[in-house]
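Colleague: sequence unknown, structure follows:
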């Protein structure tokens, strides 16, 4: 049996249809979009069309969409760019405690430069409450950052309600939508955010591509300086093939979402039910209803997460404990700690994220592998479990 891939929150395979759409811009039409001749004008037209497609899908104006190298650049640009633009009005940042490291580290960078940082707490399900955001706001708050859905536990945040709070106070709201683009409906007007960040490789597009929505009138400074690309907002020769691929991948994801998402939810529920039926003392992490359709995140008492992942990999199951960007860290997840999990339980965590190519057979095989591996590790460690029962 080959490897069962269940780490789609980390990255997704490139859709063959996306590769096909990109191929001409990799092979034949290689002109620099900023040059004046015919081949360059073709490249410029392709970028313009991609921008229009992305804008249409998220309910934005084409002029409000900029292309980047991915989620990390987009998050850094949003946090630093708005903070720099609004520095004369205030140097206070409000960020949820469960943000991706791209947001947290950008905010901590600014903190070292003299900004103040307030981390908004979450409840035991990883949910950010609008009241907590309102309490954190000050007259000198430059921005608020709350992700659309958490990349580890899958909790979907009440962004529209949070946006109502920030808009009433005149504070820009930055939303990392890296995990939700392609899975959930993104309508920037309905969400009410001022900046929204996406990454192509999370929805079967190419790596190294991203898009940022910046609401008209939002003050923001460029992160990269140089030429006048992206209307002077993001310098650097555009990656035409990647931009075309991102737009095509997002289009395909939106077209297939009505069929794909219910199927993912069914597989997710089957996976979780199977684990809970086969393994004792499991904590289910994340909100029960407000969660991504493909996310299962659990913690096993008496199990070392690193050993669990290594053994699952050897058995043919590709999974993770949380963000791939922090996979080298030996520290427990900051998300789980913010949710109130004890450190030892947080260290025994497993994230399984499904994709559109996973099957019921994959799910059943994964349940077997997880159950067998947890039992073997617990027997080897001789560790008594510490939970009174499974949590649904």
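Modeller: Nice, thanks for sending it over. All figures in this text were calculated on a predicted structure; none of them were measured in a lab. Numbers count the residues shown, from 1 in each chain.

Colleague: Would you map the strands across this structure?
Modeller: With strands called from DSSP state E, the chain shows them at 4-5, 65-68, 92-96, 116-120, 141-145, 173-176, 195-199, 210-214, 282-284, 295-300, 317-318, 349-353.

Colleague: would JSON lines of those strands with mean pLDDT be doable?
Modeller: Output for the strands of the chain, formatted as JSON lines (pLDDT from 0 to 100):
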{"stretch": "strand 4-5", "mean pLDDT": "98"}
{"stretch": "strand 65-68", "mean pLDDT": "98"}
{"stretch": "strand 92-96", "mean pLDDT": "98"}
{"stretch": "strand 116-120", "mean pLDDT": "98"}
{"stretch": "strand 141-145", "mean pLDDT": "98"}
{"stretch": "strand 173-176", "mean pLDDT": "98"}
{"stretch": "strand 195-199", "mean pLDDT": "98"}
{"stretch": "strand 210-214", "mean pLDDT": "98"}
{"stretch": "strand 282-284", "mean pLDDT": "97"}
{"stretch": "strand 295-300", "mean pLDDT": "98"}
{"stretch": "strand 317-318", "mean pLDDT": "98"}
{"stretch": "strand 349-353", "mean pLDDT": "98"}
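
Colleague: With mean neighbour count added, can I get these in TSV?
Modeller: (Glycine included, C-beta is placed from N, CA and C.) Below are the strands of the chain laid out as TSV (neighbours: other CB atoms under 10 Å):
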stretch	mean neighbour count
strand 4-5	20
strand 65-68	25
strand 92-96	25
strand 116-120	18
strand 141-145	26
strand 173-176	28
strand 195-199	29
strand 210-214	27
strand 282-284	22
strand 295-300	27
strand 317-318	20
strand 349-353	26
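
Colleague: what's the domain layout of this structure?
Modeller: Taking automatic domain parsing as the reference, the chain has its domains at 4-11+258-381, 16-253.

Colleague: do you know how far residue 342 is from residue 331?
Modeller: 14 Å (CB to CB, to the nearest Å).

Colleague: got it, and residue 363?
Modeller: 30 Å.

Colleague: before we move on, the earlier item: more neighbours: residue 342 and residue 331, which one.
Modeller: Neighbours per residue (other CB atoms under 10 Å) separate residue 342 from residue 331, with residue 342 holding more: 14 against 10.

Colleague: Which phi and psi values does the closest residue to residue 115 other than its chain neighbours adopt?
Modeller: Once flanking residues are discounted, residue 115 sits nearest to residue 91: 4.5 Å by CB to CB, 6 or more residues apart in numbering. According to degrees, to the nearest 10, the main-chain angles of residue 91 amount to phi -130, psi 50.

Colleague: And residue 91, how far from residue 273?
Modeller: For residue 91 relative to residue 273 (CB to CB), the value is 49 Å.

Colleague: Hmm, residue 120 is touching residue 98, no?
Modeller: No. Look at residue 120 against residue 98 with CB atoms under 8 Å: they stay out of range, at 9.0 Å.
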